[in-house]
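> need a structure here:
(chains A and B)
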Amino acid sequence: MIGNEAARTAERVARESYGRLLAFLAARTRDVAGAEDALSEAFAAALRMWPADGVPHNPDAWLLTVARRRQTDALRRRQARSAGEEHVKLMAEEIEDAAGNPAEIPDRRLALMFACAHPAIERGMRAPLILQTILGLTAIDIAAAFLIPPATMGQRLVRAKTRIREAGIPFAVPEKDELPERLDTVLDAIYAAYTKGWAEMGDAAPELAEEAIWLGRLLVSLMPDEPEAKGMLALMLYAEARRPARRDATGAYVPLDRQDVGLWDHEQLGLAEQLLRQASSGGPTGRFQLEAAIQSAHTARRMGGVDTWPAILALYGHLERLTGSPVVTLNRAMALAETEGAEAALALLDTIASDRRMAQYQPYWAARGHLLARTGRKAEAHQAFTLAIGLATDNAVRHYLQEQAAGLADG
Amino acid sequence: MRYMMLIHHDEPALAAADQKQLWQDYAAFNEALSKAEGAESGIRLEPAANATTVRTTGDRTEVLDGPYADTKEQFAGYFFIDVPTLEDAVAWAKRCPSSRYGSIEIRPVHVPQPGGWK
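Residues are numbered from 1 along each chain as shown, chains lettered A, B, ... in the order given. Reported below is the predicted structural model:
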């Protein structure tokens, strides 16, 4: 186990370098694929030479020098016919300077993240792009996590990188007036990676959740004054802290209210609380801070035995006004069931019943089933649970719903 | 995008499953499918042992018992869905109970382009 952890630490250190070097190499050329090629050649050269020659005093500078040489060679080949020679020379000099003084390799990872999550990039590809460029994950690993064939994921990544180069997507942190909107796309992309890792319970899935948390920490460290970045990291940590309690020994799904709070990771919860407090102390309250606050209220409810349902209901109300999302309305209905009863909750659910997104949304039908069961309408509850079972993509959730449906007959 | 979802069964694995649970799951899946926009209910085929395969080479026609290839998983049925992305199609494949006893092949339905065969 300890050896495993050491290997992981080593990997994390290498990763820190990878993202930094790639961001630096890609920032000036805006050619992400070219920078990746140059860097992978540098890593390959390192694997060939370091075992024999020893690890250089400054591995980053060594890698950057080799990658820079490949990159300028490739650029020269491509730009030889155009008037780009002067530009290439300038760039080479800048990279050389940085390589000579590695402590000062500028950290352009934030700019790279903003480029990868630019609105001109297809929404579904923003998270995969960030995972590949900042963390160096392969298309095969990303494909497995996103349930896409590896070749398809590879093609989509290539297309997205071409788009960065050709659509003139800037490698820069946006100006103040543009920042909130652009930051949202970065936060959404990282959180999308987290929820992929959250939904899947296979052996490899928690790793994606860990990667997303790593990105969240990086973002907070690079933008320490952004409350929403802290809010998102807090939200991920609240969820992650509960992971060990989400399945019982047989692998069965355990809903929040039946989880053993002793299995929760209290260190992560403490960190989440701290981040949330820092985030909310200044600046406006955004979506991620609200969602984190809801998780904080659930934690207090389960651990302190305090009835925080009224607070949860109010927070969902704010979130609903902010996002207009039917999924938020669904969650507010479940909070309403706790404060005003199942009938009031069902009436609220009826307001989103005609939303097309809900028709195929498994949690909607599961919630309906629970509420109908509480009002004693067993036949309707069974019908709702049946749809939820048909829409479930996770085995543990499916089994849980089957038990709920079977329980209707006994109750 | 319209996809044909081709169901392939590992017939011994399917036979070993809890049949009551399996067909309950299938009833729930069909219910969800029937409510989904653009989806069409599927067709279930008789086991591969009941297949007959015809192959014509030149002027010689062969008629054989059984499926066209003797593989572990056999074609067993299909359904259609119409969803925006491949990811949505993968979600429907995961929902299909047969994915637990074989595999679901996702094939985009060919849309003829102006300009003829491609």
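> close to chain A, is the lengthiest helix in chain B?
Looking across chain B with DSSP state H, the single longest helix is helix B:19-35. Yes - Helix B:19-35 comes into contact with chain A (CB under 8 Å from any CB of the partner chain), by way of B:21, B:24-25, B:27-33, B:35. C-betas here are computed from N, CA, C, even on glycine.
> now the residues you listed as TSV including pLDDT?
Formatted as TSV, these follow (pLDDT from 0 to 100):
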residue	pLDDT
B:Gln21	92
B:Gln24	93
B:Asp25	94
B:Ala27	94
B:Ala28	95
B:Phe29	96
B:Asn30	94
B:Glu31	93
B:Ala32	94
B:Leu33	93
B:Lys35	89
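> buried members of the residues you listed into ChimeraX, please.
To isolate the buried members of these in ChimeraX, using 16 or more other CB atoms under 10 Å in any protein chain shown:
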select /B:24,25,28,29,30,31,32,33
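> before we move on, the earlier item: tell me the helix or strand right after the longest helix of chain B.
Next in sequence after helix B:19-35, counting helices and strands by DSSP states H and E, comes strand B:40-44.
> ok now the helix or strand just after that following strand, how far from the chain's centre?
Tracing the chain past strand B:40-44, the next element assigned as helix or strand by DSSP H and E is strand B:52-57. How far strand B:52-57 lies from its chain's middle: 21 Å, per CA atoms, centre = their mean, to the nearest Å.
> related to what we said a few turns ago, dump the longest helix of chain B to PDB, keeping only the CA atoms.
The C-alpha trace of helix B:19-35 is given here as PDB (Å, rounded to 0.1, in the frame of the first residue of the first chain):
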ATOM      1  CA  GLN B  19     -35.900 -15.500 -15.300                       C
ATOM      2  CA  LYS B  20     -38.600 -13.700 -13.300                       C
ATOM      3  CA  GLN B  21     -36.300 -10.800 -12.500                       C
ATOM      4  CA  LEU B  22     -35.000 -10.700 -16.000                       C
ATOM      5  CA  TRP B  23     -38.400 -10.300 -17.600                       C
ATOM      6  CA  GLN B  24     -39.500  -7.800 -14.900                       C
ATOM      7  CA  ASP B  25     -36.400  -5.800 -15.800                       C
ATOM      8  CA  TYR B  26     -37.300  -6.100 -19.500                       C
ATOM      9  CA  ALA B  27     -40.900  -5.000 -18.800                       C
ATOM     10  CA  ALA B  28     -39.500  -1.900 -17.000                       C
ATOM     11  CA  PHE B  29     -37.000  -1.300 -19.800                       C
ATOM     12  CA  ASN B  30     -39.700  -1.500 -22.500                       C
ATOM     13  CA  GLU B  31     -41.900   0.800 -20.500                       C
ATOM     14  CA  ALA B  32     -39.100   3.400 -20.400                       C
ATOM     15  CA  LEU B  33     -38.400   2.900 -24.000                       C
ATOM     16  CA  SER B  34     -42.000   3.300 -25.000                       C
ATOM     17  CA  LYS B  35     -42.100   6.700 -23.200                       C
END
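> quick one: contacts of that helix?
A:359-360, A:386-387, A:389-391, A:398, A:402, B:14, B:39, B:41-42, B:79, B:81, B:92, B:95-97, B:101 (CB atoms under 8 Å, 6 or more residues apart in numbering or on different chains).
> give me that answer again for 10 Å
For helix B:19-35, contacts defined as CB atoms under 10 Å, 6 or more residues apart in numbering or on different chains pick out A:359-360, A:362, A:365, A:383, A:385-392, A:398-399, A:401-402, A:405-406, B:5, B:14, B:17-18, B:39-42, B:44, B:79-81, B:92, B:95-98, B:100-101.
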